[in-house]
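>>> here's my sequence, what's the structure:
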Amino acid sequence: MSAPLPARPGAATPAGSAPAATTQTGSGVPSTAQAESVVPAAPHCTPPAWRYPALARHMHEEGNAMVDVVLGSEGQVTQVSLKSSTGYDDLDDTALAAARNVQCRPQGHALAGTHVLLPVTFRLH
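Prediction:
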């Protein structure tokens, strides 16, 4: 019921947008060099589990929510916030509740403070 979980590390700088760093050359003249940044692999997260709210189903409410999830050191969710709304409070509340139960595993880097953008899609068949 939801798409794969894209992630964005909280402290990493996207490749190609690293700030310029000033270094000293052998002659003592400063030169500008592009600082290298390494973007770690996104963590693997369980998909959100939720039940379609009964009233929302009855009212034929559908939509896409985007939830920003902040992870703790063990991959647990420490904070959730709604980045984009479905347009319906009951669906948004369900998306936030589902995001609180997601668990993530690191893919070669620490998870503390990592942000994961979690899409939650509500579609009636």
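>>> kindly indicate whether A95 is helix, strand or coil.
Assigned by DSSP: H, G, I helix; E, B strand; the rest coil, the conformation of A95 is helix.
>>> give me the neighbour count for P48.
Around P48 sit 23 other residues, with neighbours defined as other C-beta atoms under 10 Å. Where C-beta positions appear, they are placed from N, C-alpha and C, glycine not excepted.
>>> tell me which element the closest residue to it other than its chain neighbours is part of?
Distance criterion C-beta to C-beta, 6 or more residues apart in numbering; nearest residue to P48, sequence neighbours excluded, is A98 at 3.6 Å. Secondary structure assignment for A98, by DSSP states H and E: helix 89-100.
>>> other SSEs contacting that helix?
helix 54-58, strand 63-71, strand 77-84, strand 115-122 (3 or more C-beta pairs under 8 Å, 6 or more residues apart in numbering; DSSP states H and E).
>>> which of these has the lowest average pLDDT?
Note on the helices and strands packed on helix 89-100: strand 115-122 shows the lowest mean pLDDT, a mean of 93.
>>> which parts of that strand are buried?
115-116, 118-120, 122 (16 or more other C-beta atoms under 10 Å).
>>> how about stretch 41-61?
42-43, 45, 48, 50, 52-53, 56, 61.
>>> looking at this, A49 is in a helix?
No - remark: A49 does not belong to a helix; assigned using three-state DSSP, it is coil.
>>> okay, now the unreliable bits of the protein?
1-40 (pLDDT under 70).
>>> re the thing from before, show me what contacts the residue nearest to P48?
48-50, 120 (C-beta atoms under 8 Å, 6 or more residues apart in numbering).
>>> G72 now?
78, 111-112.
>>> could you turn the buried ones of these into a PyMOL selection?
To isolate the buried members of the contacts of G72 in PyMOL, using 16+ other C-beta under 10 Å:
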select buried, resi 111
